[in-house]
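quick one: sequence plus predicted model below, questions after.
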Amino acid sequence: MTENLRTALKQYADLCENHISLVFDKLYSLDEYSGKNKPFTSPLADSMKYSLLAGGKRLRPYLTMEVCKMLCGDEKRAISYATALEMIHTYSLIHDDLPCMDNDTMRRGLPTNHVKFGEATALLAGDSLLTDAFYVLCDNNLSAEQNCAAVKLLSKCAGSSGMALGQQIDLSCEGKAVPSYILNLLDLKKTGCLFNAACGLGCIAAGVFENTEIFSALRDFSSRIGLAFQITDDVLDVTGDKKLMGKTLGKDSEQNKNTYVSIYGIKDALMQARNQVNYAVSKLDILDDNPSKANLVSLANYILTRNN
Ligand code: GRG
């Protein structure tokens, strides 16, 4: 990872975490939640905070803010969009770990939400993060046109034709040999869609809307890096270090999942990830060179060498 990228990732992660704290102060210190002398503490708020602040890589909020900066020069305009997206990403991880899904006990180096708070609270924490994300998304000084476009984009990317569909295809394909185009579709939906949301929200925060050349280029860029990200995730599930990854490894073969490794083997999978990243980077050619564009290229390349 380049030094510039490391600094920018840390800076944007701090901005995002700061905004998350502000959101919690606002949503959970409302009068109706607190008696005069006994402030209400809710296991729901605690469980949401536990997973949100467990120290993820914050790649999606990073993309939102860096794209916004690249297009308009002020990443802070995108902070509510970046935070909302991280809330939805965190909800998906909580639900993905539940016994009825992947049944995982470790995430981000900590016990999973349902292990710590129980299944019912974990379910509600996920539901609440998903719902509250749309409050957070619109709680800003951007225009109604921007916020409406942002709601439409994020709900489409996360919902039944986006990430949730990808998860459903994943579950339906367990234990069956699938053709490569289905694996591609599964990963573009399950993982690529939130990367699409990340770059799309950055565009909208900068006043760049769908049906423009720049928006389309960034959609293609994000689909390709999303795919590369999932491919390296498949590889790390076999070759990764449990401590660095912060989760149980080897689950894919245990659960008979279709992955790039199960279909192509590790070497070929890594070559495909490299091809996806090269194609992604070529999509940025229409943009002028600037430090944010260079950081997006660095992020794309980092995906190939990441160890967590
Ligand atoms: C139950 C309606 C319903 C929906 C659930 C669970 C779900 C929808 C979707 C799961 C999608 C999923 C977990 C995809 C995997 C994507 C992936 C590789 C996530 C890990 O992302 P990182 O490495 O995580 O960026 P950190 O912890 O760094 O934020």
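Sure thing, it's come through.

so who does residue 129 touch?
Contacts for residue 129 were tallied using CB atoms under 8 Å, 6 or more residues apart in numbering; they are 48, 51-52, 87-88, 90-91, 94. No exception for glycine: its C-beta is placed from N, CA and C like everyone else's.

just those residues: which are in helices?
Judged by DSSP state H, helices contain the following of the contacts of residue 129: 48, 51-52, 87-88, 90-91, 94.

highest neighbour count among those?
Neighbour counts for these (other CB atoms under 10 Å) peak at residue 48, which has 30 neighbours.

on that earlier part again, let me have the contacts of residue 129 in JSON lines, extended by pLDDT and distance to residue 169.
Listed next are these as JSON lines, based on pLDDT from 0 to 100; distance: CB to CB, whole Å:
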{"residue": "48", "pLDDT": "95", "distance to residue 169": "28"}
{"residue": "51", "pLDDT": "96", "distance to residue 169": "25"}
{"residue": "52", "pLDDT": "95", "distance to residue 169": "27"}
{"residue": "87", "pLDDT": "97", "distance to residue 169": "24"}
{"residue": "88", "pLDDT": "98", "distance to residue 169": "19"}
{"residue": "90", "pLDDT": "98", "distance to residue 169": "22"}
{"residue": "91", "pLDDT": "98", "distance to residue 169": "19"}
{"residue": "94", "pLDDT": "98", "distance to residue 169": "20"}
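
what's around the residue of the stretch 101-250 of the chain found nearest the ligand, how many residues?
Nearest residue of the stretch 101-250 of the chain to the ligand: residue 167, at 3.8 Å (CB to the nearest ligand atom). Applying other CB under 10 Å, we find 18 residues neighbouring residue 167.

gap between it and residue 242?
When CB to CB, to the nearest Å is applied, the distance between residue 167 and residue 242 equals 23 Å.

now do the strands in the stretch 1-150 of the chain.
In the stretch 1-150 of the chain, the strands defined using DSSP state E, counting those that start in this stretch lie at 106-107, 110-111.

just name the most buried of those.
strand 106-107 (a mean of 20; mean count of other CB atoms under 10 Å).

average pLDDT for it?
Average pLDDT, strand 106-107: 96.

ok so, going back, list the residues that contact the closest residue to the residue of the stretch 101-250 of the chain closest to the ligand other than its chain neighbours.
Once flanking residues are discounted, residue 167 sits nearest to residue 190: 5.7 Å by CB to CB, 6 or more residues apart in numbering. In this structure, residue 190 makes contact with 163, 166-167, 169-170, 230, judged by CB under 8 Å, 6+ apart.

could you rerun that using 7 Å?
The contact partners of residue 190, taken as CB atoms under 7 Å, 6 or more residues apart in numbering, are 163, 166-167, 170.

tell me the one among the residues you listed nearest to residue 278.
Closest approach between these and residue 278, by CB to CB: residue 166, at 23.6 Å.

next one: the residue of the chain found nearest the ligand from residue 86, what distance?
Using CB to the nearest ligand atom, the single residue of the chain nearest to the ligand is residue 56, 2.7 Å away. To residue 86, residue 56 is 7 Å away according to CB to CB.

just list the residues touching residue 61, thanks.
With CB under 7 Å, 6+ apart, residue 61 has these contacts: 12, 16, 82-83, 85-86.

is it true that residue 298 touches residue 2?
Yes. At 4.7 Å, residue 298 counts as touching residue 2 under the criterion of CB atoms under 7 Å.

the two: who's more crowded?
Using other CB under 10 Å as the criterion, residue 298 and residue 2 rank with residue 298 on top: 17 against 14.

coming back round to it: looking at residue 56 and residue 86, which is more packed in?
residue 86 (28 against 20).

how about that one: what's its closest non-neighbour residue?
Excluding the flanking residues, the one nearest residue 86 by CB to CB, 6+ apart is residue 61, at 4.9 Å.

coming back round to it: could I get the contacts of residue 129 in CSV, plus columns for distance to residue 199?
Output for the contacts of residue 129, formatted as CSV (distance: CB to CB, whole Å):
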residue, distance to residue 199
48, 26
51, 24
52, 22
87, 18
88, 15
90, 19
91, 20
94, 24
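
up against the ligand, what does this protein have?
Within reach of the ligand by CB under 6 Å from any ligand atom, the chain has these residues: 56-57, 59, 89, 92-93, 95-96, 101, 108, 163-164, 167, 190-191, 230, 233.

inside helices: which ones of these?
The helices, defined by DSSP H, take in 59, 89, 92-93, 95-96, 163-164, 167, 230, 233 from these.

and those residues, which is closest to residue 138?
Among those, residue 89 lies closest to residue 138 (CB to CB), at 18.1 Å.

what's the neighbour count on that closest one?
22.

distance check, it against residue 99.
Distance check for residue 89 against residue 99: by CB to CB, it reads 21 Å.
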